[in-house]
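# One predicted model, sequence on top.
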Amino acid sequence: YSVRKSAIFIFGSICEDTPKLLQRALNAILKNYKGRNRKKKVPVYIQSEGGLFYSAVKAHEILSVCKKAKICTIAVGHADSSAMIILQAGDRRFAFRDATLGIHRTKMALPDEADAALLLSLWADCMDKDAAFKLILMERGDPPEKIKKFFEKGTSLTAQEAKELNLIDKILDPKICKSS
């Protein structure tokens, strides 16, 4: 994670420190902002294979409730699994043309020896995560039936497919972005 020229970069796995680092980065950018009548535009670039679900939900919340900034989330390369949750937090959501965006059901890792109570607890946790993930995606995307189909299948979407599902607002051409 890094901050450069009023932009936030999230690369790598979403870990338990992600929300705290994201909050610090956002605070650092907004600390000296003097625009009284306008919100500060803050791009958040994301390239991640995903990671901890609850950390992604907390990061989503931090970006969603920020009143002083207009958050633009941008998928570069890939934004898979829990990274898609963070991508949905943007006031405007973008993806580079060659980006892939992955959505899937929660996978349950079973310990070697597990009793019935532990298995039930793990299963309930997976169902909670699936419900929250679907809710976040369907809140912004459209139509819910199509998103659910992709979610249940567990697939990577192209930027164009994500745009058709309204999971992003616009596709960016990296060549044009470099020259401007």
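That came through, no problem.

# ok so Gln23 is a helix residue?
Yes: Gln23 sits within a helix when classified using DSSP: H, G, I helix; E, B strand; the rest coil.

# mind listing what it touches?
Contact analysis of Gln23 by C-beta atoms under 8 Å, 6 or more residues apart in numbering lists Ile62. C-beta coordinates here come from the backbone N, C-alpha and C atoms, glycine included.

# if I look at it, how far off is Ala159?
Using C-beta to C-beta, to the nearest Å, Gln23 is found at 28 Å from Ala159.

# quick one: the helices in the protein?
18-30, 53-64, 82-87, 116-140, 144-153, 159-164, 174-179 (DSSP state H).

# Select from the ones you listed the stretch with the lowest mean pLDDT.
Among the helices of the chain, helix 174-179 has the lowest mean pLDDT, at a mean of 55.

# What's the separation between the closest residue to Ile171 other than its chain neighbours and Lys67?
Once flanking residues are discounted, Ile171 sits nearest to Ala159: 4.7 Å by C-beta to C-beta, 6 or more residues apart in numbering. As for Ala159, its distance to Lys67 is 29 Å (criterion: C-beta to C-beta).

# Which residue of those two possesses the greater neighbour count?
Ala159 (21 against 6; other C-beta atoms under 10 Å).

# any idea of the angle the strand ranked longest in the chain forms with helix 18-30?
Across the chain, the longest stretch assigned as strand under DSSP state E is strand 69-80. Strand 69-80 runs at 140 degrees relative to helix 18-30, counting by axes from the mean of the first three to the mean of the last three C-alpha atoms, to 10 degrees.
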